[in-house]
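Colleague: Sequence first, predicted coordinates after that:
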Amino acid sequence: MARTHLILDGLQDPLMAQRLSATWSEYGFDNAVDVAGQCGWVARGKKAESHAALTETEVDRAAAIARLFGVEVRDRVGATFIPENDLAALRKQAAYEYKSRTATALVFGLPALLLHYVSPILAPGSGSITRSMAYPWLFEFLLVGWACLAAGWPILWQGMLAAIGLRMTGDLLTSLIVLAAFVPSALGLGSMAWRPLPWFDMAQTGPMFHAAMLVMFLAVLQRWLVHRLSEKLSGRATLMMPGFGRFAFLWLVTSVVVGCVTRNWSMGLAVAMLLPPLISLGAINRWSPGWSMALPVAGFAMFLVMAPRWIGRSAAGVEIETAAGFQLVMIGVMAAGWGRLKPLNPRVEVK
């Protein structure tokens with residue numbers, strides 16, 4: 001049977017993968033989805049008169065179906081369509097792409113973060129005069145905006161596809177956190193064109209452009225690690241977190257509640273940031289498999305919010321950095337767990 005392999009970048013809910021596979025079958029495609037290996041294949045159905053390779057138009061139709069699930073499939077290396085393509089080459093290309101995007105996030109993100117932390121020290125009044133921070137914030141806005149687009153466009157695009165299809169995915173989680181940090185900051189900065197102060201109070205915390213930058217950097221870093229080690233992850237979907245989309249949605253709702261109750265925009269963002277967008281794939285490890293991977297995240301979120309009452313210590317001013325540091329530790333645990341795995345049978349199977 002002639003098969004066309006596909007990279008299913010960002011798909012990580014096993015239940016959603018099963019629905020995608022079933023939908024492909026309904027439309028006459030023989031297929032298999034390996035959600036852990038971030039890949040799959042499609043071919044002509046058994047009822048088809050010919051078992052010849054799929055045409056480009058047919059594969060495009062399969063890709064359109066995948067977009068309903070918030071996934072933009074990758075089916076070619078370069079611009080030329082090859083029906084019986086090479087999965088190893090597709091994986092290598094995906095890993096290289098996200099390695100480049102991680103580098104892009106660093107190149108533009110590091111100057112933005114440096115500007116965020118250094119400019120208040122250099123500005124008149126050490127940043128206490130809000131008006132004096134307008135230009136540093138403007139440059140930070142431009143750097144972070146370009147970095148998020150250049151480095152994270154596939155993630156933002158798939159987040160939009162998921163929103164249109166009403167599917168809660170890791171990419172939608174990332175996109176919503178980035179937008180929640182970036183858009184209000186941009187609107188507040190823009191309001192300074194006709195007001196002496198922003199339309200909302202940024203004097204204490206400043207804009208959250210750096211939160212958007214940190215979230216996007218961590219997201220592309222995770223994606224690079226996944227594609228670099230996708231062969232080892234392949235075939236292990238039973239270790240993932242089924243129903244991850246519902247969990248991510250509840251996490252976002254909780255973050256909004258925390259932000260409203262504490263009346264602290266940055267605290268709500270920090271709690272949202274604690275959940276790595278690829279934690280379902282991160283559950284494929286020996287130390288905290290399956291749903292136990294969520295326990296450290298939930299525990300640390302509770303500690304971050306309750307620390308002022310429990311130990312008399314407030315995280316005010318460093319909530320975002322604390323959340324980013326914790327998620328970086330979680331990414332390290334994920335990658336270390338994946339690195340110890342041995343590849344299973346390379347056949348792509350429905351899980």
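Modeller: Perfect, thanks for sending it.
Colleague: Contacts only, for T254.
Modeller: Residues near T254 by Cβ atoms under 8 Å, 6 or more residues apart in numbering: 271, 301. Using the backbone N, CA and C atoms, a C-beta is placed for each residue, glycine as well.
Colleague: what's the distance between it and M160?
Modeller: To M160, T254 is 23 Å away according to Cβ to Cβ, to the nearest Å.
Colleague: got it, and S175?
Modeller: From S175 to M160 the distance is 7 Å (Cβ to Cβ).
Colleague: When the two are compared, which one has more neighbours?
Modeller: Counted by other Cβ atoms under 10 Å, S175 and M160 do not tie: S175 has more neighbours, with 25 against 14.
Colleague: For the more buried one, which non-adjacent residue is closest in space?
Modeller: Spatial nearest neighbour of S175, chain neighbours left out: G159 (2.9 Å); criterion: Cβ to Cβ, 6 or more residues apart in numbering.
Colleague: and that neighbour, what helix or strand is that in?
Modeller: Here G159, judged by DSSP states H and E, is contained in helix 134-164.
Colleague: What residues sit buried inside the lowest-mean-pLDDT helix or strand in the chain?
Modeller: Within the chain, no helix or strand scores below helix 294-310, which has a mean of 87 by mean pLDDT, DSSP states H and E. By neighbour count with 16 or more other Cβ atoms under 10 Å, helix 294-310 contains the buried residues 294, 296-297, 300-301, 304-305.
Colleague: Endpoint to endpoint, stretch 74-93 covers what distance?
Modeller: End-to-end distance of stretch 74-93 (Cα to Cα, to the nearest Å): 10 Å.
Colleague: Now do the contacts for T55.
Modeller: So T55 contacts P83 (Cβ under 8 Å, 6+ apart).
Colleague: for the one 3 residues further on, same thing?
Modeller: By Cβ under 8 Å, 6+ apart, the contact list for E58 reads F29.
Colleague: Ramachandran coordinates for the residue nearest to L281 when sequence neighbours are not counted?
Modeller: Nearest residue to L281, sequence neighbours excluded (Cβ to Cβ, 6+ apart): Q12, at 5.2 Å. With angles defined as degrees, to the nearest 10, Q12 sits at phi -140, psi 10.
Colleague: looking at it, Q12 is touching D171, isn't it?
Modeller: No. Using Cβ atoms under 8 Å, Q12 is not in contact with D171; the gap is 9.4 Å.
Colleague: The least confident helix or strand of the chain packs against which elements?
Modeller: Helix 294-310 is packed against helix 244-262, helix 265-273, helix 319-339, with contacts defined by 3 or more Cβ pairs under 8 Å, 6 or more residues apart in numbering; DSSP states H and E.
Colleague: what residue ranges in this protein score low on pLDDT?
Modeller: Residue ranges of the chain with pLDDT under 70: 47-50, 123-131, 195-205, 310-316, 345-351.
Colleague: can you list the domain ranges for it.
Modeller: As assigned by automatic domain parsing, the chain contains the domains 4-89, 92-339.
Colleague: coming back round to it: out of the helices and strands packed on helix 294-310, the one nearest V73 is which?
Modeller: Evaluated over the helices and strands packed on helix 294-310, closeness to V73 peaks at helix 244-262, with 18.7 Å, by Cβ to Cβ.
Colleague: Kindly calculate the angle that the closest one makes with helix 319-339.
Modeller: Angle, helix 244-262 to helix 319-339, by axes from the mean of the first three to the mean of the last three Cα atoms, to 10 degrees: 160 degrees.
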